[in-house]
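Peer 1: sequence unknown, structure follows:
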């Protein structure tokens, strides 16, 4: 492994680049990004060593694609067209079904590994990239059996070296489950932020009263719309399903309040306290 | 100031006790709590120096009441009955209107200061009490003009010494605004936790996929039902209003998704990114 190409040099791609270079000092990390400013920043910060373009990919030993999921669906076939027969392409998208479908019949399907490193933060861009982002984090790999064995091994070593734990899942289950534990959280945060911002238009001092609890629940509303809009689009059916369940639960809670049924409200909260055990297991 | 009585020795009362003792080594901090286990823990941890009962309050220079808001409404008149003429009583409840109303005609109303230190965490009990909890945090004081001047001064010095910044507000506005920036966040978190726990009953691996974003949005679902049920009850009308606005926003988001109107979804998220500036101002 000598020439590594990062397509997308933001938080996800940049953090991969930093730790891969650290573990493999001899590799050269090339950056490709349609955002020229990000590319310059990544170069200045030492996240990448060289700028490159798609036509250079024939020289790649490894390509990591960390761009919005709609762009991945569009670009992935072209990337596979351009790489050599021994090259490995990994994506890092938050949806997996549309991405796997986009290359299912591609002659170089065996050079591709579909992955979802669950390790974002609410920040974005190369300045948000950090060493150690992936330590102890889960990486969901989909359709591993469709990747050629040698390249599976190469990917696994890479992920192990930066401290990730691996889980295997089919793309349909991935998209269904991730809607609950990631996509819904983002909508919940965005809509909470929206609700309070709307109120604050008339009540200027309202944010002076906000504490760390509020900050925690709306943190994800800082997330990039360019990244998240295509995720919601690609995972539309699952996200709508989670939203419906969430809205029903909120509606039910409101009705309990309207009925002054505070003993049921107590019970609801008490049984949800079970989340404590779950959170203890999340890094 | 020599004898300080903490009614409620949990996170809020205990953290007050620790820093007040640190700033005033000569005071004795007495603890009163209907939970005998908490009282013992507070004593063992050095959060309080002595256990006490309500009848001892005549010796108090200062009483801080940090118990669930329904208990405060019930107990506050009795506390005021028992204290001496020069004693100060401060409450720390998350609602202010019912508490102020409960003592509005009490002959010792001038000995009471209504406060809401916005400084909780999702943890509770004396083991959660920490030094420095209040540094840089906002303390909302209501109806300050109803407290005798000398006792206002005493309270202000106390709050300044532990690093709080003070804001003044009437109880009705307090309850209205705090519903948006605190009470709604808790319901949003609890219902998010509930939605995912319900799903996880059938999908055992779901939490293996949860990352820090999910953890952040459901953190408040660890909160104590004994503390939060009476808050929702006392602030029922305001909380229902915020819930309705929140549900409407979620509903609207869902409809935009159903209509494939992802450009509006992008715009919604982009305008809510404004939360970043707001969060920078929250400690």
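Peer 2: Sure thing, it's come through. Fair warning: this is a prediction, and the values are worked out from it, not measured in the lab.
Peer 1: neighbouring contacts of stretch A:124-135?
Peer 2: A:9-11, A:13-19, A:22, A:38, A:41-42, A:45, A:47, A:117, A:119, A:121, A:159, A:162-164, A:223-224, A:227 (Cβ atoms under 8 Å, 6 or more residues apart in numbering or on different chains). All C-beta spots, glycine's among them, are computed from the backbone N, C-alpha and C.
Peer 1: Tell me the buried residues in that stretch?
Peer 2: A:124, A:125, A:126, A:127, A:128, A:129, A:133, A:134 (16 or more other Cβ atoms under 10 Å in any protein chain shown).
Peer 1: so how far is stretch A:30-46 from its chain's centroid?
Peer 2: Put simply, stretch A:30-46 sits 20 Å off its chain's centre (Cα atoms, centre = their mean, to the nearest Å).
Peer 1: do stretch A:74-89 as well
Peer 2: 21 Å.
Peer 1: Quick check: buried residues in it?
Peer 2: A:75, A:76, A:79, A:80, A:82, A:83, A:87, A:88, A:89.
Peer 1: returning to that earlier point: among the buried residues of stretch A:124-135, which lie within helices?
Peer 2: Among these, none falls in helices (DSSP state H).
Peer 1: from those, which single one is nearest residue A:190?
Peer 2: Of all these, residue A:124 has the smallest distance to residue A:190: 14.9 Å, by Cβ to Cβ.
Peer 1: Quick check: that closest one vs residue B:217, distance?
Peer 2: For residue A:124, the distance to residue B:217 (Cβ to Cβ, to the nearest Å) stands at 18 Å.
Peer 1: residues contacting residue A:270?
Peer 2: residue B:225.
Peer 1: 10 Å - rerun?
Peer 2: B:224, B:225, B:226, B:229 (Cβ atoms under 10 Å, 6 or more residues apart in numbering or on different chains).
Peer 1: What of residue A:19?
Peer 2: A:129, A:130, A:131, A:132, A:133, A:134, A:135, A:158, A:161, A:162, A:163.
Peer 1: would a markdown table of the residues you listed with pLDDT be doable?
Peer 2: Output for the contacts of residue A:19, formatted as a markdown table (pLDDT from 0 to 100):
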| residue | pLDDT |
| --- | --- |
| A:129 | 95 |
| A:130 | 96 |
| A:131 | 96 |
| A:132 | 96 |
| A:133 | 96 |
| A:134 | 97 |
| A:135 | 96 |
| A:158 | 97 |
| A:161 | 97 |
| A:162 | 97 |
| A:163 | 97 |
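Peer 1: Restricted to strands, list these.
Peer 2: In strands, judged by DSSP state E, none of these are found.
Peer 1: Smallest gap between the stretch 1-150 of chain A and chain B, at which residue?
Peer 2: Closest residue of the stretch 1-150 of chain A to chain B, Cβ to the nearest Cβ: residue A:118 (4.2 Å).
Peer 1: Spatially, which residue comes closest to that residue, not counting chain neighbours?
Peer 2: residue B:211 (4.2 Å; Cβ to Cβ, 6 or more residues apart in numbering or on different chains).
Peer 1: and the one you found, backbone torsions?
Peer 2: Backbone torsions of residue B:211, given as degrees, to the nearest 10, read phi -110, psi -170.
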